[in-house]
Every structure is written in structure tokens, then in C-alpha cells.
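S.K.: give me coordinates for this.
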Amino acid sequence: MTTETTTPGCSHTQYAPLCLLIYALAVVFLASGWFFQDTPPIQWLDPPIGLMMLVLAASFHHLTVADQGEVLAIRFGPVPLFRRTIRFADIGSVEVGRTLLLDGWGIHLSVRGGWVWNLWDRACVVIRFKNGGTLRIGTDDAENLAEFLRSKVRA
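M.R.: Next up, the predicted model:
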């Protein structure tokens, strides 16, 4: 995360081993489809499921949070299936927080309300929107992201 005054924004990418589990599951499905070619429904289900798992693993390989002028871009990748932007003008407050174990990983509603975008670990930045919504962004650099967002909210 870059937050020096000479740099206009920030960009940070977090990597996590979660995708390795999904890649492994994809290999299991593809291998079972290959070895059990004559066994319905495995011959029809496993190869497509394995390919979908490969795409899913590549979609959750890393989480990037980046300043793009008037918005904060959040995207999983390198396959950009899941992404979102947040207008800085819509942010009411920002704080460093932690997700619950029940919140887990991925993109989903939190048991505490609001959305969670998390790849790994429990550290997060809690964004409270002016309209009352909440977003928790998981990151391994929560302090710097929160500091950057606070500077954008004040501006």
C-alpha cells in the first residue's frame, strides 16, 4: 500500500493459499472424469465441474484494492469475475476491524450485517456508507488502507 504524499493513491494486492485448495479440487474432478469415463453421471458432470473450479480458483487467486480517482476498486483475480467500485463520496466512516470466523472467505453477507469481501485472514477495513450500509474488505494491510480511505473521506 502506498500512502506517501507524492503518490496520488494506493494499490495493494493480497495473495492467499485459498486458491490452492480450489485448484486441487478441480484436479480431483477432472481426474475422476478421466478415470471413470464409462460411469454415468461422472462422465458428464465431473469435467465441467472441474473446469468451473479452475475458473473459480483463478478468480480468487488474489484480492486487489486500488484507488482509481473518484472510486476505490476492489477486485479478485487474475480472472476478473468478481469486482466492485466504491465512490469515495459515498463513504461515511472507516475503521480497522476483524471479521468473524463465521464470515469466512469470499463474497457474502456478514452475520453482523453488510457485505464481506475477504480472501484470507481476519483483518479487515470496515467501511460504513452514508446510506447505512456496511462493507468489510479483508486485507493484510488494514492500517494503511484505513488511513488512505480516511484521507479521501476528509477531502
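S.K.: tell me which helix or strand of the protein sits lowest on mean pLDDT?
M.R.: helix 42-59 (a mean of 85; mean pLDDT, DSSP states H and E).
S.K.: sheet partners, orientation included, of the helix or strand that that one is followed by?
M.R.: Using DSSP states H and E, the helix or strand that directly follows helix 42-59 along the chain is strand 62-67. For strand 62-67, the paired strands and their directions (DSSP bridges) are strand 11-15 (antiparallel), strand 71-77 (antiparallel).
S.K.: any weak-confidence spans in this structure?
M.R.: Regions of the chain meeting the criterion pLDDT under 70 cover residues 1-8, 42-43, 155.
S.K.: could you measure from the residue of it most remote from its centre over to Pro47?
M.R.: The centre of the chain is farthest from one residue, Asp38, which by C-alpha atoms, centre = their mean lies 38.5 Å away. Between Asp38 and Pro47 the distance is 14 Å, computed by C-beta to C-beta, to the nearest Å. Glycine gets a C-beta too; all of them are placed from N, C-alpha and C.
S.K.: OK, contacts around His12?
M.R.: Going by C-beta atoms under 8 Å, 6 or more residues apart in numbering, His12 touches 1, 64-66, 139, 141, 144-145.
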